[in-house]
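In: generate coordinates for the sequence data below:
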Amino acid sequence: MDGQDSEGQHQDQEVLGCLPTADRAPRAGLGNRHVLAGARRLCCRVAIPREALHDLEERLLLFFTGYSRSASEILSDQKKRSESNDVSMLESLRFTDKLGRRIKEALELGDTPAFADLMHEHWEYKRVRSAGMTNPQIDHWYELGRANGARGGKLVGAGAGGFLLFYAEDPSRLRAAMASASLPEVRFRFDHDGSVVLVRD
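Out: Below is the predicted model of the structure:
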C-alpha cells in the first residue's frame, strides 16, 4: 500500500497517513503504528472501509482525565530498557507489535467491534505489565465507561494521565456517565489532509 495512490485504487476506503506513536499524542490513537526493525522505524498505512471510518468517528469518544505528565521520563526509561535488552520490555514490545497487526487487520476488514475488543485487551495487558500506566482514579473512570456503553478503551498520553479514549456502543450513555464524573469531552474529527498552512505572511 505504501507509495500507491489509494484514491483510485480503493474508492470505498480511506487511508490514514502515518502518525506519531499512539501512546504519545491524542491524534495518534487510531490505527497507524510504527514497527521497529533494528535501527529503522517502519510506518505502514491502514486502509479503512469508508463505512467503518464513519462508525469510528461516531463512536470514538475522548475525555480529559485532568492529569498531565511529561512523557519524556517514561519514554527515556523505555528507551534505556530496550537498548539494554530488558526481557520484560522486549516481551512487551513484541506483544504490542503483534497487537498492532491484529488491530490493522480488524480495521481493514471494517470490524470496529473487534478493534474495540483489542483496545480493551491492550488496556488489561498494560495494567499488569506497565508500572505507572494508570492509577486507582483512572481505573475507576475506565470501569465506569465500560459499565456505561464503552466496549473498549485506552489511555492516550503519558502514563497515569492524559486522555481516555473509548469506543462506545452507546455514545449518549457514555457521555452522560463521563459528565457525571466531571470528565470533559474533547471533540475531534479525523483529518485526511495532514498539515495545512492557514495563514501566510
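In: look at Ile48 and say how many residues are nearby.
Out: Other residues near Ile48 number 27, with proximity taken as other C-beta atoms under 10 Å. All C-beta spots, glycine's among them, are computed from the backbone N, C-alpha and C.
In: cool, Asp193 as well?
Out: Asp193: 6 surrounding residues under other C-beta under 10 Å.
In: the one 4 residues further on now?
Out: Look at Val197: counted by other C-beta under 10 Å, it has 5 neighbours.
In: any idea how far Phe115 is from it?
Out: Distance, Val197 to Phe115, by C-beta to C-beta, to the nearest Å: 33 Å.
In: the helix or strand harbouring Arg151 pairs with which strands, and in what direction?
Out: Assigned by DSSP states H and E, Arg151 falls within strand 150-156. Using DSSP bridges, strand 150-156 pairs in its sheet with strand 163-168 (antiparallel).
In: run through who's touching the strand it pairs with.
Out: 26, 29, 56, 59-65, 112, 115-116, 119, 138, 141-142, 145, 149-157, 174, 183, 186 (C-beta atoms under 8 Å, 6 or more residues apart in numbering).
In: how much space separates Arg81 from Val128?
Out: Using C-beta to C-beta, Arg81 is found at 17 Å from Val128.
In: same question, Ala179
Out: 30 Å.
In: which of the two has more neighbours?
Out: Neighbours per residue (other C-beta under 10 Å) separate Ala179 from Val128, with Ala179 holding more: 12 against 8.
In: contacting residues around the more buried one?
Out: Residues in contact with Ala179 (C-beta under 8 Å, 6+ apart) are Glu185.
In: which stretch of helix or strand covers it?
Out: If you go by DSSP H and E, Ala179 is part of helix 171-180.
In: pull that helix out as CSV, backbone CA atoms only.
Out: Included here for helix 171-180 are C-alpha records, laid out as CSV according to Å, rounded to 0.1, in the frame of the first residue of the first chain:
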residue,chain,number,x,y,z
PRO,A,171,-22.2,7.1,22.9
SER,A,172,-25.0,9.1,24.6
ARG,A,173,-24.9,6.9,27.7
LEU,A,174,-21.2,7.1,27.9
ARG,A,175,-21.2,10.9,27.5
ALA,A,176,-23.7,11.1,30.4
ALA,A,177,-21.6,8.9,32.6
MET,A,178,-18.4,10.8,32.0
ALA,A,179,-20.2,14.1,32.5
SER,A,180,-21.5,12.8,35.9
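In: cheers, nothing more for now.
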